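**Student:** Got a predicted model here, sequence first, then my questions.
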Amino acid sequence: MKKAIATVMVISLLSAGGVLAAEKDQTHQTMHKMKPGELKPDERIELKLPAPMKVMQKREMRQHLDTLAKITAALAASDLNRAAQVAKEELGWSEKWQQECKMGANMTGEADLLNLGMAMHLKADELADAARTGNRDKALAHLSELINNCNACHNKFRH
Ligand code: HEC
């Protein structure tokens, strides 16, 4: 009986090893199938910010994404006033965002943090204006551009 249990254990250990080896092999194969460009290093500029600032910035970023979800939902429901209100109040260029974007640029010495940040917030104002005048198609086009504005910064900077 003991022998039988030991045999079962040995077999399961061996097969677990086999699974691991298979996974490793698959990763290896996948990497070989990748074109050289896909393994390029991350060449974006690293923002030298203190850890608590990074936590704060990322929290705000997740809020930005949440705001985009709210704007998209309002546009989908043709609730243009709500879309305008959310875009203006949560993302529109304001004293608060000006201060934050300036602080980020000053702390890192990267003027583009302010430029790209401001461009994104001003695009949210354009979206709000289009929605306010009842132009849903134009508001949607601005929403797409707004997302491109988000990524213009993500493509340049990283933590
Ligand atoms: C001026 C620069 C800038 C702009 C504009 C910007 N971001 Fe970011 N975002 C960053 C940086 C820097 C990070 C951190 C990236 C990293 O972790 O390396 C980030 C990270 C994020 C993350 C990941 C958060 C996490 O918890 O890891 C999300 C989501 C995000 N941004 C959403 C947005 C959205 C949505 C917009 C536009 C409405 C936006 N961002 C505009 C700079 C920007």
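**Tutor:** Now that the structure is in, tell me what you want to look at.

**Student:** Flag the shaky bits of the protein, pLDDT-wise.
**Tutor:** 1-32, 36-37 (pLDDT under 70).

**Student:** That one against the ligand: which residues are in contact?
**Tutor:** Contacts of the chain with the ligand, taken as C-beta under 6 Å from any ligand atom, map to 47, 58, 61-62, 64-65, 68, 113, 116-117, 120, 150, 153-154, 157-159. C-betas here are computed from N, CA, C, even on glycine.

**Student:** List buried residues within those.
**Tutor:** For the residues of the chain next to the ligand, a neighbour count by 16 or more other C-beta atoms under 10 Å gives the buried set as 47, 64, 68, 113, 116-117, 120, 150, 153, 157.

**Student:** Strands - which of those land there?
**Tutor:** Judged by DSSP state E, strands contain the following of these: F157.

**Student:** Pick out the most distant pair among the buried ones among the residues of the chain next to the ligand.
**Tutor:** L47 and L68 (22.0 Å; C-beta to C-beta).

**Student:** L80: neighbouring residues, count only.
**Tutor:** For L80, the count of nearby residues is 19 (other C-beta atoms under 10 Å).

**Student:** Sweet, I'm off.
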